[in-house]
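Colleague: Build the 3D model from these lines:
(chains A and B)
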Amino acid sequence: MEIYLPVAEMSVNWLILIALGTGVGFLSGMFGVGGGFLMTPLLVFTGIPSTVAVATTLSHVTASSMSGALAQWRKRAIDFTMAGVMLGGGVCGTLFGVWLFALMRRQGQMDLIVALTYVIMLGSIGFIMLRESLATLKAYRSGITVSRRPVNRGWIQALPFKMRFRQSRLYISVIPPIAIGFAVGSLSAIMGIGGGFIIVPAMIYILRMPTNVVMGTSLVQIIAVTAITTILQATSNYAVDIVLAGLLVSGGVVGAQLGVRAGAKLRGEQLRLLLACLVLLVGAGLLYQLIARPLDVYSLSEGVP
Amino acid sequence: MRRVLLAALLLVAAPVHAEDLVSGISQDTIQITSSYTGTDIVVFGAIERALSAQGRNIVVIVRGPDEPMTVRRRDRVAGVWVNRDAARFEGLPAYYYLASTEPVARIAPPEALQRYGIGLQSLTPTATGSHHDPEPFRQAAIRYHQRVGLYAENPGSIDFLSETLFRTRVPVPAGVTRGQYNVEVYLLRGGEVVSAQSTPLFVDATGLERRLFNMAHDAPLLYGMACVFMAMLLGWISSVLFRRPA
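Modeller: Below is the predicted model of the structure:
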């Protein structure tokens, strides 16, 4: 049951990896996120070096997003204009992120920055989602319908360089989508995530895109960003393990399809509530690792830092 | 000390009568394939012109290629554990396994062990890039390798098949680095090496694993694109396969 990973240079049980891929794929299909934020910490937990984990998880995210995006594309629920604009920022962000990744590795602070970024991102997004979904559920029970698209979009409306996004029925400045794309691109390189759990809330709460196109559009954006980051990580850090990627992806794509079916049975608010709990749980686990006394205060890294 | 002098005298004065060592290994290359989960090699040997077994010791050391390593120490800063001090070591082997007839401390005095490079404590790499006392960092590096099974001292693990014929089993775990290893066999008497032999052992990946590793380093752009293509293809296949029953 063991298989040798040529880049990670270690043997692992391939059944565990396929199961991991399926499990994370199931959750990503259900919630419409890539699942990188779960996969990277889990891989590190199984003993895979964090550089390889970060770089290889991206392929898993590409595959599950591809699977999901095709389903959305058949439903014509993708705003390609919006995805293209966001990707412009995404490419710059990715380049910045890979540069930062290499810099932090030299400084020996990579693990800390990755963990801190995770805790901050997961904590804040989980909290916002939890509050919002609870409020919606409460309003739903008391029979009040909450307007999802308020007319006044405040500061977003005041920005220049406006552009029409027909599929999203929006006429807004290109600055917020580019900025979101940049942020997600850099986080993608540092954390090994597609950024779905950041893009989706950003599209809903900041850009006020209609929920039906959010899923497909974010998936297209994620595919592009993870594909670019994989290639950059492969060329600059030699950290992508194709055997590991193949195992995770094989499990992931099956899990994602099953997850989509499970997710269809739940309502949007319920899904967001569950996702919020999951996100907060992972964040709390990582925070604990930062604060708790490590087993050995010394750590070792091979090669030249 | 008198015995040491005596042994040295014997060596110099009467080489004809000196004990000698002949040794070999069960295989001189280890191929890492996709199903590699670690293996054992057998190191065997014979003592020629053997004197009494009293005071005689055999030490077998398998040493991996040297690897530069950085050891970092975490300290608590504002409630969070942060990497602070670091020491960089050159000359620590990636793998070190020692089998001996007795615990090394009883075989020879510390200076002799140090001189011959016998025992984990004889691993004294050069420390650079650090303004601090490197000793706790060196101990941490040894501890780390022991924990993951790449460093070990295994006294009493040499089997004697006869008075002069011996063998021992050396584990080569899954996490080993590729490269040239050395199998060293020492015959000690009274704390001094009487005879020694060194045989190279090669650990290398073969077949697909080797080709993938080489491709990742020689053609990283193509390799990265292959990963992306594979991911997209599998994503597409699954979406087609699962379309019907939906």
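
Colleague: only C-alpha atoms for contact and neighbour calcs from this point on.
Modeller: OK.

Colleague: Quick one: mean pLDDT over whichever strand or helix holds B:V42.
Modeller: Element membership for B:V42, per DSSP states H and E: strand B:39-48. For strand B:39-48, mean pLDDT is 90.

Colleague: Need the residues that contact it.
Modeller: For strand B:39-48, the external contacting residues (CA atoms under 8 Å, 6 or more residues apart in numbering or on different chains) are B:19-27, B:60, B:164-174.

Colleague: Give me the buried entries from those residues.
Modeller: Among the contacts of strand B:39-48, those buried by neighbour count (16 or more other CA atoms under 10 Å in any protein chain shown) are B:19-21, B:23-25, B:60, B:164, B:166-174.

Colleague: circling back to that earlier point, just the contacts of strand B:39-48 that are near chain A?
Modeller: Applying CA under 8 Å from any CA of the partner chain to these, one finds that B:A174 fall near chain A.

Colleague: can you tell me which of the contacts of strand B:39-48 are in strands?
Modeller: B:20-25, B:60, B:165-172 (DSSP state E).

Colleague: A:M66 belongs to a strand, doesn't it?
Modeller: No. A:M66 is assigned helix when assessed by DSSP: H, G, I helix; E, B strand; the rest coil, not a strand.

Colleague: and the gap between it and B:T29?
Modeller: Separation of A:M66 from B:T29 (CA to CA, to the nearest Å): 43 Å.

Colleague: One more: A:L95?
Modeller: Taken as CA to CA, the span from A:L95 to B:T29 is 42 Å.

Colleague: higher neighbour count, these two?
Modeller: Counted by other CA atoms under 10 Å in any protein chain shown, A:L95 and B:T29 do not tie: A:L95 has more neighbours, with 18 against 15.

Colleague: Count the neighbours of the closest residue to the more buried one other than its chain neighbours for me.
Modeller: Leaving aside its chain neighbours, A:L95 sits nearest to A:S186 (7.2 Å; criterion: CA to CA, 6 or more residues apart in numbering or on different chains). For A:S186, the neighbour count with other CA under 10 Å is 28.

Colleague: What of the one 3 residues further on?
Modeller: Taking other CA under 10 Å as the criterion, the count of residues near A:A189 is 29.

Colleague: Show residues contacting the one helix or strand it maps to.
Modeller: A:A189 belongs to helix A:175-191 when assigned by DSSP H and E. Residues from elsewhere that reach helix A:175-191 (CA under 8 Å, 6+ apart): A:37, A:40, A:54-55, A:82, A:85-98, A:100-101, A:114, A:117-118, A:156, A:159-161, A:193-195, A:198-199, A:202, A:207, A:225-226, A:229, A:233.

Colleague: Please list only the buried members of those residues.
Modeller: Buried residues within the contacts of helix A:175-191, defined by neighbour count using 16+ other CA under 10 Å: A:37, A:40, A:54-55, A:82, A:85-98, A:100-101, A:114, A:117-118, A:193-195, A:198-199, A:202, A:207, A:225-226, A:229, A:233.

Colleague: circling back: moving C-terminal from the helix holding A:A189, which element do we reach first?
Modeller: In N-to-C order, the element after helix A:175-191 by DSSP H and E is helix A:196-201.

Colleague: Show me what that next one is packed up against.
Modeller: Applying 3 or more CA pairs under 8 Å, 6 or more residues apart in numbering or on different chains; DSSP states H and E, one finds that helix A:196-201 makes contact with helix A:110-141, helix A:175-191, helix A:211-236.

Colleague: mind checking how far it is from the chain centre?
Modeller: Helix A:196-201 sits 7 Å away from the centroid of its parent chain (CA atoms, centre = their mean, to the nearest Å).

Colleague: Likewise for stretch A:182-194?
Modeller: 8 Å.

Colleague: what do you get for stretch B:154-167?
Modeller: On CA atoms, centre = their mean, the centre of stretch B:154-167 falls 20 Å from that of its chain.

Colleague: What lies in contact with it?
Modeller: Residues outside stretch B:154-167 that contact it (CA under 8 Å, 6+ apart) are B:42-48, B:50, B:53, B:58, B:97-104, B:168.

Colleague: Can you tell me which of those are buried?
Modeller: Buried residues within the contacts of stretch B:154-167, counting neighbours by 16+ other CA under 10 Å: B:43-47, B:58, B:97-102, B:104, B:168.

Colleague: pLDDT averaged over the helix holding A:A189 - what is it?
Modeller: For helix A:175-191, the mean pLDDT works out to 85.

Colleague: Count the neighbours of residue 69 for me.
Modeller: Just going to use chain A. The burial count for A:A69: 27, using other CA under 10 Å.

Colleague: Sorry, I should have been clearer: chain B.
Modeller: Based on other CA under 10 Å, the number of other residues close to B:M69 is 23.
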